[in-house]
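> Sequence first, then the predicted structure, then my questions.
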Amino acid sequence: MDLIILIFVFIFIMGSVYYISKSLAKDEVHLSLEQPTKQAAEPAFNLRQILTALSGVVKPLEKSLPTTELKKKLTYAGSPLTVLEFFAFKLLSLVIVPVIVFIVFKKTEPLYLGFSLFAGYIFPDIWLKQKVQKRQSEIARDLPAVIDLLTLCVGAGLNFMLAIDRVVKDFKKCPLTEELAVAWQEIQMGRTRQDALRGFAARLGMPEISSFVRTLIQADRMGSPMGDALKIQSDEVRMRRFLRGEEMALKAPIKLLFPLLFFILPVVLIVVGGPVILSFLKGGGLSF
């Protein structure tokens, strides 16, 4: 019984930490071509401020912490936290989760302590993984439309960089246009177009974006028409999205197998076989 309660507490804590961590997204800072308008009043005390204060605790350990891969993941997620703030988030989770488990169970056995420490350690990683997946999913959804708009702008006579500026201003605000705005600003500050595009691909870490950037760089080097390269990329991105949809459709039966066997099939057997068993018992076929 305690194990079942422990599982429900695990699910509750996981959902609570994820819900609380959504407040971090409100504090994300993205570069933009437009100046920010009148800022709304910020709360005097929030979770981001707590993490900023706790980052000083882990700062002495910065050189010994594994930060290389973490920096990439935070960049893919849109840099919602700095490296030190993420480790502060992990430290805070390691403290809060055991306290919640102790309040619920009033026990300090090694099983409960180990479970709570493990849960507190992995919660920030789960949150970061979900942030990366959500952001990359949004980018993959908007990429074909952005490429089509770039193709229209280039076909109308604009050069590629002015086409990017136009798309950033007119397209809806999304992670893809924000990263394009960053690349545009880097070029305005003197960075070469190829380096800015490579940095754009590196910040997103997606195969579709890497292929898109490679095609643009190759067309720029060879002097090929940029409009033709964009049309090819638009068709390729749509084909990849179609293939991804087919892959998800093929995975659906496998994902349905577990709930079908353990939740749906027993109910069907009870509904179909229950009356047969009851009539057989009433007929005296079975005796206990």
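In hand now; what should we look at? Numbering: from 1, shown residues only.
> mean confidence for the longest helix seen in the chain?
What stands out as the longest helix in the chain, according to DSSP state H, is helix 110-155. Confidence over helix 110-155, taken as the mean pLDDT, stands at 88.
> again with stretch 277-288
66.
> contacting residues for Leu94?
117, 120-121 (C-beta atoms under 8 Å, 6 or more residues apart in numbering). For glycine as for every other residue, the C-beta is placed from the backbone atoms N, C-alpha and C.
> Can you point out the buried residues in the helix or strand harbouring it?
Secondary-structure element containing Leu94, defined by DSSP states H and E: helix 83-105. By neighbour count on 16 or more other C-beta atoms under 10 Å, the buried set for helix 83-105 is 83-94, 96-98, 100-101, 104.
> and what of stretch 116-136?
Buried residues in stretch 116-136, counting neighbours by 16+ other C-beta under 10 Å, are found at 116-117, 119-120, 123-124, 127-128, 131-132, 135-136.
> Now those residues in JSON lines, please, with extra columns for distance to Leu176.
Compiled in JSON lines, the buried residues of stretch 116-136 are given as follows (distance: C-beta to C-beta, whole Å):
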{"residue": "Ser116", "distance to Leu176": "39"}
{"residue": "Leu117", "distance to Leu176": "38"}
{"residue": "Ala119", "distance to Leu176": "34"}
{"residue": "Gly120", "distance to Leu176": "34"}
{"residue": "Phe123", "distance to Leu176": "28"}
{"residue": "Pro124", "distance to Leu176": "26"}
{"residue": "Trp127", "distance to Leu176": "22"}
{"residue": "Leu128", "distance to Leu176": "20"}
{"residue": "Lys131", "distance to Leu176": "16"}
{"residue": "Val132", "distance to Leu176": "15"}
{"residue": "Arg135", "distance to Leu176": "10"}
{"residue": "Gln136", "distance to Leu176": "10"}
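> Which SSE is immediately downstream of the helix-or-strand element of the chain with minimal mean pLDDT?
Using mean pLDDT, DSSP states H and E, helix 2-25 stands out as the lowest-scoring helix or strand of the chain, at a mean of 54. Proceeding C-terminally, helix 2-25 gives way to helix 47-58 as the next helix or strand, assigned by DSSP H and E.
> Which strands and helices lie in contact with that following helix?
For helix 47-58, the helices and strands in contact under the criterion 3 or more C-beta pairs under 8 Å, 6 or more residues apart in numbering; DSSP states H and E are helix 2-25, helix 83-105.
> Buried residues, that helix. List them.
Under the neighbour-count criterion of 16+ other C-beta under 10 Å, helix 47-58 has 47-48, 51-52, 54-55, 58 buried.
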